[in-house]
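Undergrad: sequence and predicted model, in that order:
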Amino acid sequence: MAAIELKNVAKSFGNVAVIQGVDLSVEHGEFIVFVGPSGCGKSTLLRMICGLEPITSGALSIGGKPMQGVAPAKRGVAMVFQNYALYPHMTVAENMGFSLLMERVPRKEREARVKRAAETLQLGELLGRRPKELSGGQRQRVAIGRAIVRDPQVFLFDEPLSNLDAELRVQMRLELAKLHRKLGATMIYVTHDQTEAMTLADRIVVLRSGVIEQIGTPLEIYAAPRNRFVAGFMGSPKMSFLAAKVVRTSGREVTLAVEGMSPATVDIELRKAERLADQVTLGIRPEHFRMKGGQGPRLQARIDFVERLGGDSYLHAPDHPAGGLIIRQSDAVPVKPDAMPVTIGVDWPEVHLFAAGGQAIELKRESLSES
Ligand SMILES: Nc1ncnc2c1ncn2[C@@H]1O[C@H](COP(=O)(O)OP(=O)(O)OP(=O)(O)O)[C@@H](O)[C@H]1O
Ligand SMILES: [Mg+2]
């Protein structure tokens, strides 16, 4: 186990800055998940932590020790890549023990460590097989096994499950959670998968263009995104964003007008209310629309298409004048697409509000009401 500390870490390739001053403290045994759009710098950050990529400026320490000039093999860090290449001519045991062989670990100890890792990963029966005789999930476990035998203080995973089918991913996700509990090691995990991020992480780090947009527990990130980017990035389907006009400010009470919606008020901190621009954005998650009931304002929307997932359905109103809507409906009989608009309620205490620049505006949730 080891804590990881990044202080103002930056990385440029030539004159292109891809990581711009990242500060991050990872605690002993923590499971951290990096998410962010393609190209935002997730892999680059991992590669800098494990020493495969030099840091342009800033400082990195692992377990309290500065890592400048420390070779990757000496950092106590193991990385598992998306495209883990197993050696095809070697058995599972040989694949797992290879790095120990290179480090000249004596045979007996090597075998013992491979055996222990194989038990942890339930690969005991497969040690004599070659990679082509394994399923995708088993191969993935061997790749993780190669990391485990080295007994690292820190595991870095770069989208390790993205080559697996949906069912195997779920299975491996649970196994990774168990592995983390069992080993108690510090783990940093990169994924594009929202469910993996929400379920595995102690804390999620949301990155955009080499900058950390927010760090928090999965529920903090989901319930209180710091800005519109984080709000739109986490959550699937996406939060709906509606253009809202500030029509009246009376003390802390701000009345909003949204096209196709009955007027409604939000309560915000006085100083912020005074500084509020005319145009703001209302954010509503799919599960916070109500097809029936609900205390909040009413929206008129024409449903263009419906995705039925079995239990839930998603109603899409992409052409709503205030902004495209995605509505979750859990009833057995979903609304049908129709040229006629339907009336939709909003779970008003659950809405989000964003300033023109995208920053979230904190709402006094207990006092949200319809005007
Ligand atoms: N060796 C390199 N030389 C120049 N630019 C690079 C190099 N490696 C990465 N980059 C650039 O750095 C940025 C960050 O890349 P990185 O691979 O870290 O992104 P990522 O967040 O892992 O994306 P993805 O989700 O697609 O894997 C990208 O714009 C990429 O093109
Ligand atoms: Mg990557």
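TA: Structure received. Ligands and ions are numbered 1, 2, ... in the order given.
Undergrad: mind listing the strands for the stretch 1-150 of the chain?
TA: Using DSSP state E, counting those that start in this stretch, the strands found in the stretch 1-150 of the chain span residues 4-13, 16-26, 31-35, 57-62, 65-66, 77-80.
Undergrad: which of the ones you listed has the highest mean neighbour count?
TA: strand 31-35 (a mean of 24; mean count of other C-beta atoms under 10 Å). The way it works is simple: take the backbone N, C-alpha and C, and place the C-beta from them, glycine included.
Undergrad: for that one, which helices and strands make contact with it?
TA: helix 42-50, strand 186-190, helix 194-200, strand 203-208 (3 or more C-beta pairs under 8 Å, 6 or more residues apart in numbering; DSSP states H and E).
Undergrad: these into a markdown table, with extra columns for distance to residue 258?
TA: Formatted as a markdown table, these follow (distance: least, C-beta to C-beta, whole Å):
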| stretch | distance to residue 258 |
| --- | --- |
| helix 42-50 | 35 |
| strand 186-190 | 37 |
| helix 194-200 | 27 |
| strand 203-208 | 27 |
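Undergrad: out of the ones you listed, the one nearest ligand 1 is which?
TA: helix 42-50 (3.2 Å; C-beta to the nearest ligand atom).
Undergrad: hmm, who's touching that closest one?
TA: Helix 42-50 has contacts (C-beta atoms under 8 Å, 6 or more residues apart in numbering) with 4, 6, 9, 11, 18-19, 22, 34-36, 53-55, 60, 62, 72, 75, 77-79, 154, 156, 158, 188, 190, 207.
Undergrad: pick out the shakiest of the strands of the stretch 1-150 of the chain, pLDDT-wise.
TA: Here the lowest mean pLDDT among these goes to strand 77-80, at a mean of 92.
Undergrad: name every strand pairing with that one and say which way it goes.
TA: The partner list of strand 77-80 in its sheet, established with DSSP bridges, is strand 154-158 (parallel).
Undergrad: got the angle for the helix or strand that the strand it pairs with is followed by vs strand 186-190?
TA: Along the chain past strand 154-158, the next helix or strand (assigned with DSSP states H and E) turns out to be helix 166-183. Put simply, helix 166-183 runs at 160 degrees to strand 186-190, going by axes from the mean of the first three to the mean of the last three C-alpha atoms, to 10 degrees.
Undergrad: and helix 166-183, how far out from the chain middle?
TA: 16 Å (C-alpha atoms, centre = their mean, to the nearest Å).
Undergrad: adjust the sequence numbering to begin at 15 for everything that follows.
TA: Sure thing, new numbering starts at 15, so read that last one as helix 180-197.
Undergrad: list the contacts of it.
TA: Contacts of helix 180-197 (C-beta under 8 Å, 6+ apart): 45, 134-135, 149-151, 154-155, 158, 162, 171, 174-175, 178, 201, 203, 207, 209-210, 213-214.
Undergrad: and it, what's buried?
TA: For helix 180-197, the neighbour count (16 or more other C-beta atoms under 10 Å) marks 182, 183, 186, 187, 189, 190, 193, 194, 197 as buried.
Undergrad: of all the residues you listed, which comes closest to residue 323?
TA: residue 183 (17.4 Å; C-beta to C-beta).
Undergrad: what pLDDT is listed against the closest one?
TA: 85.
Undergrad: go on, residue 287?
TA: Per the predicted model, pLDDT is 69 at residue 287.
Undergrad: swap in residue 193?
TA: 89.
Undergrad: try residue 295
TA: Reading off the confidence values, residue 295 has pLDDT 96.
Undergrad: if we can go back for a sec, TSV for the strands of the stretch 15-164 of the chain, including distance to ligand 1?
TA: Formatted as TSV, the strands of the stretch 15-164 of the chain follow (distance: least, C-beta to the nearest ligand atom, whole Å):
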stretch	distance to ligand 1
strand 18-27	3
strand 30-40	4
strand 45-49	8
strand 71-76	16
strand 79-80	23
strand 91-94	13
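Undergrad: next, format those as TSV and append distance to residue 365.
TA: Putting the strands of the stretch 15-164 of the chain into TSV (distance: least, C-beta to C-beta, whole Å) gives the following:
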stretch	distance to residue 365
strand 18-27	35
strand 30-40	31
strand 45-49	23
strand 71-76	38
strand 79-80	46
strand 91-94	40
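Undergrad: out of these, which is closest to residue 354?
TA: Comparing the strands of the stretch 15-164 of the chain by C-beta to C-beta, strand 45-49 comes nearest, at 39.1 Å.
Undergrad: done for today, thanks.
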